[in-house]
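Predicted model and sequence below, questions to follow.
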Amino acid sequence: MGLKKLVEKVEDYNERLQRGKASKIKPSDVQKVLTKLHKKKAELEVAIASSRRADKKERLKTKLGIVTEQIKRAEWLVAEID
Amino acid sequence: MRKFYLPVAIAALLLAFWFSPDAQEIAAGVAIFLFGMLMLEDGFKLFGGGILERLLERATSSTSRAILFGIVSTTLLQSSSLVSVITISFLSAGLISLIGGVGIIFGANIGTTTGAWLVAGLGLKVNIAAYAMPMIALSILLVFQKPKPLRGIGYALGGLGFLFLGIHHMKEGFEAFKDQIDLLRFALPGLLGLIVYTLLGTSATVIMQSSHATMVLILTALSAGQITYENALALAIGANIGTTITAIIGALGANFQGKRLALAHLIFNVATAAVALIFIAPLRDLVDAISATVGIGSDDYALKLAVFHTIFNTLGVALMLPFLNRLIGFIEQRIVEPVRDVSLPRYLNEAVDEFPQTLESALRQEVRHLYENAMELIMHGLNLHREQIFKSDNIAAEVRESRAAFDLDLEEVYERRVKTLYSAIVDFTTRVGDKQIPPEIAGNIYALRDVSSDIVQVVKSVKHLRKNVLRYTTRSQGTVTELYDGLRTEIARIVVEIRKLDLAPPEDRSALWLDQERAQIEVDARSTARRVDALIRTGKMNATAATSFLNDSGYAYAAMRGLIDAARSYYIARDLAIAEVESLLTLDEDELGEARAASGSSSNPDRDHGGRKNVIEDG
């Protein structure tokens, strides 16, 4: 999955930052969010492993896919602003 | 009473001016002094940019910290009244505890004694008017600057200048006054003097609403030899009782907690005054002993009064501290928390109007109150019990078992428990819009108003669903019941996920979790539409019934999206930089679709939301 939209969002953020309309993001801010996402991912993996209902497993896997994507984007963002 | 207060006060002043032109200078001195205090307060509010309020939130983690905060803030602001009003406002908004608030009031009583030291030690000994003039002249330059900190410094400097000028005019007024009228003729010795002058001190403070101004009047009159030292001590004790009036007035518009604090303030100050009056003779001896030790002249009554003021206020705190928990218990018994009427706003009262931080915090709690009321109505509207859903491990099964119809007049409950709160929130945010508040807080306040709007829209969507939920889910009617159970299940799942988010520790919580729910809503919406298509094609559902269901599913998915939007705005990180990160990382609809595809999530048209078909159940 591409990061085109995230790049656009970051460009928009930089513009807002220059106009004084956004708060400055530090790498530590992204790290804090990354920590929360990793924790959520671990919780979902445990839940998937322990779930025996197929529908529940499927829902949890969808969630895991989203959180994995968010982690990928956060890792890109932390490298971008570092 | 209030109707006559102003004309009587004006008439009394005019009469005094007619009898003695020098009374004009004393009255003008008091007026200039009070004006200076107002300017000083405004200056600190502008210059501080909420520092005081932010510190206050953290100052009440222990009683000793609360007392220290009260001492330091009152010393800096030179106004215990302002500190009391801020404390009542924060207590009413639920930002600090009652015991912490009482601790601050205790500290403020000690902090206010620094005013007497400043006046007695500096104001009466130095020609402070010489400093006042350049301070006022310089301040006006700063007041006209655009940056808030500079304007704040300007107001504070001007305020200090006016304080000095006021003291100077009071001093001059009393000096000139004594040539005409000797107030010492009215001196009263003994117990009668103690009682009469205590009442006079109380009345003067109630009228001026500033014990600081009363103390300056007492000190200048004392230094001009217009009152006796004994009577001055009684006046100072009276001023301590009178100063509680500001907190009492401030608490009139506050909730029960604010009223409790005002009562604690009154009890504390009256008890301290009673102890001081009973032990006035030993206290006076103690003042003499301390004054002699620190080198204060035996006839320097102004400084000795400052010593007395400090001793009896500090003594009051020392005496009351061991009984603090009992005092709190007594107050909680006297002012009982009113039985909560869920249909009335709980947090949006006048006392929170004073400060931006309390505005936002009170609104946040009121929006949460609205959500709780709305959530109860939404779940009951779907014939679901919240507690059973929350504790269930299989929501779909729980929904299938929930066949009993709730005896509910949804329209009436909506009007009473949701619309009233929503109206109060809209009124509040409109009122706040007229105030000058920092843009980031204004932004948060408008975002919270939008959250309440989303919540109300969700309730309206469920109102539309209610008719067919009653028709198709109170007994099993095959496919159509399964479809409606699917919608009920999905809404219940969103409510459960929002609750999980709410219960998570703030350091672990992220509004990004809701992206996962948004993704699931879109999967479910598509799956439902495909299933209905299949049912029509196979003749298991006629077009009329299908249209009716698709309309209802439109309301249901709008409700789910509304809940997610509301929760995302409500739970977005309070730290602006973290909120910015979350906003950057959140996925839009297309990206969610791509992420779902990448994770291999199926959108099986035959997937059963109720979990009955095509699902391998756990044993």
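Good, I have the coordinates.

and the longest helix along chain A, does that touch chain B?
With DSSP state H applied, the helix covering the greatest number of residues in chain A is identified as helix A:54-81. Yes. For helix A:54-81, a contact with chain B is found by Cβ under 8 Å from any Cβ of the partner chain, at A:54-55, A:58-59, A:61-70, A:73-74, A:77. (Each C-beta comes from the backbone N, C-alpha and C, glycine too.)

B:Ile536 reaches B:Ala545, doesn't it?
No. Counting by Cβ atoms under 8 Å, B:Ile536 stays clear of B:Ala545, with 9.1 Å between them.

higher neighbour count, those two?
Per other Cβ atoms under 10 Å in any protein chain shown, whichever of B:Ile536 and B:Ala545 has more neighbours is B:Ala545, with 18 against 15.

pLDDT (mean, whole number) over the helix or strand encompassing that one?
Mapping B:Ala545 onto the secondary structure by DSSP states H and E places it in helix B:543-571. Averaging pLDDT along helix B:543-571 gives 91.

Where does pLDDT dip in chain A?
A:1-2 (pLDDT under 70).

The longest helix of chain A: how far from the chain's middle?
Chain-centre distance of helix A:54-81: 6 Å, with Cα atoms, centre = their mean, to the nearest Å.

next one: stretch B:127-138
With Cα atoms, centre = their mean as the basis, the mean position of stretch B:127-138 lies at 37 Å from the chain mean.

Pull out the buried residues from it.
Of all the residues in stretch B:127-138, those buried under the rule 16 or more other Cβ atoms under 10 Å in any protein chain shown are B:Ile128, B:Ala129, B:Tyr131, B:Ala132, B:Met135, B:Ile136.

Tell me which entries of the residues you listed lie within helices.
In this view, those that belong to helices under DSSP H are B:Ala129, B:Tyr131, B:Ala132, B:Met135, B:Ile136.

Let me see the confidence value for the fourth one.
It stands for B:Met135. Predicted confidence (pLDDT) at B:Met135: the value is 89.

Who are the contact partners of it?
B:Leu157, B:Gly158, B:Leu160, B:Gly161, B:Phe164 (Cβ atoms under 8 Å, 6 or more residues apart in numbering or on different chains).

Check the third one too.
B:Ala132 makes contacts with B:Gly161, B:Phe162, B:Phe164, B:Leu165, B:His168, as judged by Cβ under 8 Å, 6+ apart.

got the contact list for stretch B:389-396?
Contact with stretch B:389-396 is made by A:53, A:55, B:379, B:398-399, B:485, B:489, B:492-493, B:495-496, B:499, B:609-611, as judged by Cβ under 8 Å, 6+ apart.

Most neighbours among those residues, please name it.
For the contacts of stretch B:389-396, neighbours were counted by other Cβ under 10 Å; the highest total belongs to B:Val399, with 29 neighbours.

Report the separation between that one and B:Leu382.
B:Val399 sits 8 Å away from B:Leu382, taking Cβ to Cβ, to the nearest Å as the criterion.

Check the contact lists of these two and give me the overlap.
Taking Cβ under 8 Å, 6+ apart as the contact rule, B:Val399 and B:Leu382 both touch B:Arg488, B:Ala492.

Where does B:Gly107 fall, secondary structure wise?
helix B:98-111.

Repeat that for B:Gly43.
Element membership for B:Gly43 (DSSP H and E) is helix B:21-48.

Which strands or helices does that helix pack on?
For helix B:21-48, the packing partners by 3 or more Cβ pairs under 8 Å, 6 or more residues apart in numbering or on different chains; DSSP states H and E come out as helix B:2-19, helix B:63-77, helix B:148-180, helix B:211-223.

Can you name the residues that contact B:Gln520?
Contacts were defined as Cβ under 8 Å, 6+ apart; by that measure B:Gln520 touches A:Arg59, A:Thr62, A:Lys63, B:Arg493.

can we see that at 6 Å?
The neighbourhood of B:Gln520, defined by Cβ atoms under 6 Å, 6 or more residues apart in numbering or on different chains, consists of A:Thr62.
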